[in-house]
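**Student:** Need coordinates for the below:
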Amino acid sequence: MLNSIPGGHVILSIMRNVDAVDARILLALDADPQATTVALADRLGLARNTVQSRLRRLEESGRLREPSRRVDPAALGYPLLALITLSVSQRVGLATREGILRIPEVVELLVTTGEADMLARVVARDTEDLHRITNSLLEVPGVVRSNTTIVLLEVQPLSVRPLLERHAGP
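**Tutor:** Modelled structure (predicted):
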C-alpha cells in the first residue's frame with residue numbers, strides 16, 4: 001500500500017496479515033458485536049490495550065469492514081437478490097465503475113475474468129424493481145450488455161468465520 005507524506009514523497013507501508021491473536025479477537029467480536037474492548041480482553045485473556053490497538057490497526061488497514069455488511073437487505077425491503085454480469089467498454093472502465101456504484105441497489109461490484117467484465121450483486125424489492133435496476137445499469141455509459149441471474153436461495157451467505165477459526169488455531 002502506498003501512502004504520501006508531506007512534501008509529496010511516497011512511502012511503502014506493509015499491511016500486516018491477520019495473525020492468530022487478531023483472528024481470536026475477530027471471532028469474539030463476531031460472536032458478540034456489542035462487546036466492549038474490556039469484555040473482549042477479559043474473554044480472551046488479553047490486555048485491553050492489546051485488543052484496542054489491534055482492532056484500531058485492523059480498522060485503519062481496511063481489514064475490519066464496516067458494520068453495515070451485517071445488515072440483511074430484506075430488512076430494508078429488498079428481499080430479492082440477483083447476480084448481474086456486465087460487459088463494459090474497455091475505454092471507460094473507471095467512469096463505468098463509478099456510474100454503477102451510484103446505484104444504491106448494487107451492494108457489491110467485482111471486476112472479473114471470463115465472458116463478462118464485472119459481476120454485480122444487486123438487491124431489489126421484486127422482479128419489477130429488478131427490471132428497473134437492470135435498465136439503470138444499462139444506462140451507465142460504458143455498459144454494453146448484462147446478464148441477470150436471480151438467486152432463489154442463499155445457502156451460505158458470505159462468511160469468513162471458518163477461515164478465522166482455522167487461523168486462530170486451537
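**Student:** got the residue ranges for the strands in the protein?
**Tutor:** 2-4, 10-12, 80-88, 106-111, 118-124, 143-151 (DSSP state E).
**Student:** looking at these, which is buried most?
**Tutor:** The highest average neighbour count among the strands of the chain, using mean count of other C-beta atoms under 10 Å, belongs to strand 118-124 at a mean of 21. Yep, even glycine has a C-beta here, placed from its N, CA and C like the rest.
**Student:** could you check the angle strand 143-151 makes with that one?
**Tutor:** Strand 118-124 and strand 143-151 are oriented at 50 degrees to each other (axes from the mean of the first three to the mean of the last three C-alpha atoms, to 10 degrees).
**Student:** all helices of the chain, in order?
**Tutor:** With DSSP state H applied, the chain shows helices at 20-31, 37-44, 48-60, 93-101, 127-139, 161-168, listed in chain order.
**Student:** and among the ones you listed, the most buried is which?
**Tutor:** The densest packing among the helices of the chain, expressed as mean neighbour count by mean count of other C-beta under 10 Å, is seen in helix 20-31 with a mean of 18.
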